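A.B. asks: Requesting a structural model of the entry that follows:
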Amino acid sequence: MLYISGLLVLTALLFTASCKKEDVAPVVTITSVNPAAAYGGDEVILQGENLHTVKYVFVADKHAEIVGASESSITFIVPTNALPGPAELTLAMLDNYRVSNDFEVLQRPIPSIEAISPSGAAPGEEVTIVGMNLDILTSVTVGGAEASVVSATNTELVFTVPSGLPLNTPAEIELSTQEVTVTSTSVFYVGENMIANSDFEAGSGDDFDGWEKLNGGDQMTEVTGEEAYFGRSIRIVGANNPDQPWRTQLASAEMNLNFNSEYTVIMWAKAEAEGAIMRVSASQFNHHGAGSDYFYGEDMAIPTDWTQLAWTFTVGADLPSHKLVLDMGHTDVPFLIDNVTLIETGAAGPPIPDNLLANPGFEDGLESWELLNGAIEATTEDAHCGAQSIKITPAGGNPWDQQIAASPVQLAFGGQYEIRLWAKGAAEGAIMRVSISKYDGNGADYFYGSDVTLTTEWAEYTWNFEVTNDLPEHSLVLDMGAGAQAFYVDDVSLKEYVEPVNILEDGGFENGIYSAGAPNESASWELLNGTVEITTNPDEVFSGSQALKVTGAGGNPWDTQLAADKVPLVFEGRYGVKLMARSTAPGAVMRISASRYNDGNGDDYFYGADVSLTEEWAEYRWEFTVGKDIPDGHHIVLDMGASAQVFFVDEVVLYEVQEFECP
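C.D. replies: Down below sits the predicted model:
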């Protein structure tokens, strides 16, 4: 018995030791939540007990940031991505200990846009939006760029158009709060609005500054208040004359528009009933047969809700000034208009310079041309334009053995000029060149163009030069005695050179290149074959900070090959490519091609002639006609593998060539 009792005591002691009581976690309580409902991003304070033991706070299933904690309080931020509505507030402690409380996430008011004025503005100009909840915004962007807010109330926002955006293009306006982003559905252009008082705000009564009532003016009246689109609109009751819509007519103030350039006019309009119609026109409305009324837009039906209408036109008359005219007399259904905006949406490009030569097509024989050497005659045997050209029958001697000079002209010292002419060989092998000089042999002969071998079809040939001799007068000379084949020349021009607009995205390789082994998402050139590299050595760069360094393969032209990203080209359109290049040694050769490099399936429609590169930076040019209709786009390809010399390429420009029009 003693033995048994001792065993029981020992067992009891061991059991007591193994079942030692663990510590119990403090009880967490919530006594208040202030506020009990809040917006995302707002600060909330909890009061309670043992809150210092809380590790995490959740609003529904969203983690909330704790910004302050003590034994009796916790401060947290309502998550901005928490869904609006009732949401359980949960405190998380160790050992999966949880305490919950009721809470509500409020729906922050959503901004609304009722009107934007003006509908087009240049960088730095102010734009006004009317709507609701416009004073709770975290950002305002135009075309993705942050705009500077000038003022903001619940119903009106004024901001400044940011700089750095593409001009004369539509841009979305976005208003953002912490929870939502609202995008304007109105068309808004970043660019100069050509219309004065486009929003009709200036003026009083039924008069509108900067606008002239031409016909039916007594039926054009002001509208303000809720009926207006923005501030002050104009109401029109037309003459109900569909054959003469100009019987009710309003004209803008005079403005300067660029000849041959494209413009877009947009306006807000609202009819009071179904059936309202209007159009726009562009003119000087002088109706004297001078061609000044060059555009009549199509009739537009006006909806019964405020709607933006748009017309696009090309300036078809070279006038000292232009007016936009609103022809509104088609019906007598009343309607309102506002915010008339005119933007140059398609620039005409650089102005086309005048031909400095007289009698360029030899229609007056050799008038304004001086025969220097050989026998050259005007002929009606063959002509590119008009009835005459000149015919040359060289003797196969020196270029200057058959030579004709245009009447002297004034050229700007240091200026860039372009010579173009049309020529046709009577048989294969005809050769000619051009030069610029006073042909006096005393150092005034400063430019000799390279020889060109003429085809047996009329073709255009071009040379570019810089005026490197400061002379009172200069003469264009046609040197035509080198070959032994007869040929014809017509339509010669000498014009100031205007740098063309580059269709390629990165002609200077500033964004590098990409290949299968070295992806470069910002590059717009793809390595197809061989090895090339980007150099930043100033001695190897023509302009900018980077250029292309090529080590040719000494084989086929395509063994070293680089292609530009595809660009849209017009089928049968005329284009040119020019680039700067220099070699480290004589013998470097390259060419260009235009294609989709698809294994010769008919899309490789142009291969330029090889050019031999000099050891000094020089410009090389090719021109081609688009020979394939490729909707997906065309590639300009640099074929650089024919020689083994190291050379450099920079400033590749693809440009549209102005179509020749016979005078």
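
A.B. asks: Next up, the contacts around the most centrally placed residue in the chain.
C.D. replies: Relative to the mean C-alpha position of the chain, the nearest C-alpha, by Cα atoms, centre = their mean, is the one of residue 166, at 5.9 Å. Residue 166 is in contact with 143, 190, counting by Cβ atoms under 8 Å, 6 or more residues apart in numbering. To be clear about C-beta, it is placed using only N, CA and C from the backbone, and glycine gets the same treatment.

A.B. asks: What does the pLDDT read for it?
C.D. replies: Listed pLDDT for residue 166 reads 84.

A.B. asks: and it, how far is that from residue 265?
C.D. replies: Counting by Cβ to Cβ, to the nearest Å, the gap between residue 166 and residue 265 amounts to 20 Å.

A.B. asks: same thing with residue 490?
C.D. replies: 42 Å.

A.B. asks: what residue ranges in the chain score low on pLDDT?
C.D. replies: Low-confidence segments of the chain, defined by pLDDT under 70, span residues 1-24, 285-291, 347-351, 440-443, 598-602.

A.B. asks: List the residues that contact residue 466.
C.D. replies: Under the criterion of Cβ under 8 Å, 6+ apart, the contact list for residue 466 reads 414-417, 447.

A.B. asks: go on, residue 107?
C.D. replies: Neighbouring residues of residue 107 by Cβ under 8 Å, 6+ apart: 84-85.

A.B. asks: let's go with 10 Å and repeat that
C.D. replies: 39-40, 83-85, 179-180 (Cβ atoms under 10 Å, 6 or more residues apart in numbering).

A.B. asks: for this protein, what spans make up the helices?
C.D. replies: Taking DSSP state H as the criterion, the chain contains helices spanning 2-18.

A.B. asks: Break it down into its domains, please.
C.D. replies: Structurally, the chain divides into domains by automatic domain parsing as follows: 29-106, 112-190, 211-346, 369-496, 525-656.

A.B. asks: Just the endpoints, please. Distance across stretch 27-43?
C.D. replies: According to Cα to Cα, to the nearest Å, stretch 27-43 extends 25 Å from its N-terminal end residue to its C-terminal end residue.

A.B. asks: can you pull the buried residues of that stretch?
C.D. replies: Counting neighbours by 16 or more other Cβ atoms under 10 Å, one finds that the buried residues in stretch 27-43 are 28, 30, 33, 38-40, 42.

A.B. asks: Burial check on the residue nearest to residue 506 when sequence neighbours are not counted, number of neighbours?
C.D. replies: The spatial neighbour of residue 506 that comes closest, neighbours along the chain excluded (Cβ to Cβ, 6 or more residues apart in numbering), is residue 524 at 4.6 Å. Around residue 524 sit 19 other residues, with neighbours defined as other Cβ atoms under 10 Å.

A.B. asks: Would you mind measuring from residue 524 to residue 655?
C.D. replies: For residue 524, the distance to residue 655 equals 16 Å [Cβ to Cβ].

A.B. asks: Please apply the same query to residue 230.
C.D. replies: Shown here: residue 230 relative to residue 655, a distance of 42 Å by Cβ to Cβ.

A.B. asks: Neighbour count for these two, which is higher?
C.D. replies: The neighbour count for residue 230 versus residue 655, taken as other Cβ under 10 Å, is higher for residue 230 (21 against 17).

A.B. asks: does the more buried one really touch residue 128, like I thought?
C.D. replies: Yes. Counting by Cβ atoms under 10 Å, residue 230 does reach residue 128; the two are 7.7 Å apart.

A.B. asks: shared neighbours, the two?
C.D. replies: Contact with both residue 230 and residue 128 is made by residues 115-118, 199, according to Cβ under 10 Å, 6+ apart.
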